[in-house]
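Asker: could you work out the structure for the sequence below:
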Amino acid sequence: MNPIFVLSRSLLACLLAAAALTAAAEPEPTLAPPVARVANLRNTTPPYSLKEVIETEQVLHDGNVIARKRFVVSIRDSAGNTRREELNGNGGVESISISLVQGVRYALDPVAKTATTSATYVGRQIVSITSTPRPPAASTEITAPAGGVQEIHVRVAEATPNPQLARIAADAFADRRPTRVTVRSPLGSRVINGEQCSGTLISYDIAAGEQGNRQAMTITTETWMSDGLQISLFTRTTDPRYGTTTTRSTELVRGEPDPALFTVPSDYVLIDKARPAAM
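Answerer: Prediction:
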């Protein structure tokens, strides 16, 4: 028998045996389904109810003014559930939105008497979204602001580096505010509706030609946040493209609202969009 052939067969057998031992000692990592952990952030905030007056004025090039006004009723209980009512000019309720801390949202139509459900994380914090390998591998952490003092932390653990997955996660939870330079200036404090508030002025510029504009434009937003309720009680946004929008909070009442406000009336038809339709 050819000794070279024998040597090759022996070498091949050794390599196969070594590969088998390595595979047995270090099983190939398998990714488990992604798991999301959600922490409730609402249960530390006091309950309230208030009415918002939202006014928009847009000055046209000929000096004419388009003015609009609408009203919103906002309610929150001590558990963190919220209710939002959109009112028409006569004070009638046009639509109702109820968001529960369990992660369910109801969109109520008072005319059609329907309640459409959907999944939501409004008022909650996504602590982590993890795809866990076996055995554990190195992880990548992405942090993005979620408004106010809250943050979203996304941790993706994977067997091999996957920049595309990290980019998708970052885009999904990214702050959608303009990426241009933003100037934030404190305005001090003032009392609004009996609440101590802290003010902030945020502004940014749109350079000439960026949106077909011949000259640079400046957009400003003045916000006054209640220190105790952690909600905005006054906001004014000035944008040359759309005019000035002012939101003022009135009729602020602290206290526990009626629990029935966070339930669907018995005479409403429930439309469940949180579950896929049966085939």
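Asker: quick check: residue 70 touching residue 85?
Answerer: No. Counting by Cβ atoms under 8 Å, residue 70 does not reach residue 85; the two are 11.3 Å apart. Any C-beta I mention is one placed from the backbone N, CA and C, and that applies to glycine too.
Asker: endpoint to endpoint, stretch 75-89 covers what distance?
Answerer: One end of stretch 75-89 to the other measures 20 Å (Cα to Cα, to the nearest Å).
Asker: coming back round to it: look at residue 70 and residue 85 and report which has more neighbours.
Answerer: residue 85 (20 against 15; other Cβ atoms under 10 Å).
Asker: can you point out the buried residues in the one helix or strand residue 204 maps to?
Answerer: For residue 204, the host element (DSSP states H and E) is strand 195-206. Residues of strand 195-206 classed as buried by neighbour count (16 or more other Cβ atoms under 10 Å): 195, 197, 199, 204, 206.
Asker: just send those back as CSV, with pLDDT and distance to residue 221 too.
Answerer: Compiled in CSV, these are given as follows (pLDDT from 0 to 100; distance: Cβ to Cβ, whole Å):
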residue, pLDDT, distance to residue 221
195, 96, 20
197, 97, 15
199, 97, 11
204, 94, 9
206, 92, 14
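Asker: which two among those residues are spaced furthest apart?
Answerer: 195 and 206 (33.5 Å; Cβ to Cβ).
Asker: sorry, back to before: next SSE downstream of the strand holding residue 204?
Answerer: strand 217-226.
Asker: which secondary structure elements does that following strand sit against?
Answerer: In terms of contacts (3 or more Cβ pairs under 8 Å, 6 or more residues apart in numbering; DSSP states H and E), strand 217-226 is packed against strand 182-192, strand 195-206, strand 232-239.
Asker: buried ones in stretch 206-217, by neighbour count?
Answerer: Using 16+ other Cβ under 10 Å as the test for burial, stretch 206-217 gives 206, 217.
Asker: thinking again about what came up before, list the neighbouring strands of the strand holding residue 204 plus their orientation.
Answerer: strand 182-192 (antiparallel), strand 217-226 (antiparallel) (DSSP bridges).
Asker: quick one: it to strand 232-239, angle?
Answerer: 20 degrees (axes from the mean of the first three to the mean of the last three Cα atoms, to 10 degrees).
Asker: pick the one among the buried residues of strand 195-206 closest to residue 256.
Answerer: Closest to residue 256, out of all of those and judged by Cβ to Cβ, is residue 195, at 17.6 Å.
Asker: thinking the closest one is in contact with residue 232, fair?
Answerer: No. If you go by Cβ under 8 Å, residue 195 and residue 232 don't touch, sitting 10.9 Å apart.
Asker: could you look up the SS state of residue 180?
Answerer: At residue 180 the chain is in coil, as set by DSSP: H, G, I helix; E, B strand; the rest coil.
Asker: that one touches residue 216, doesn't it?
Answerer: No. Assessed by Cβ under 8 Å, residue 180 is found out of contact with residue 216, at 11.2 Å.
Asker: number of nearby residues for residue 269?
Answerer: 11.
Asker: now do the same contact list for it.
Answerer: Applying Cβ atoms under 8 Å, 6 or more residues apart in numbering to residue 269 gives the contacts 112-115.
Asker: which SSE is the closest residue to residue 60 other than its chain neighbours in?
Answerer: Distances taken as Cβ to Cβ, 6 or more residues apart in numbering place residue 66 nearest to residue 60, at 6.9 Å, with adjacent residues excluded. Assigned by DSSP H and E, residue 66 belongs to strand 65-76.
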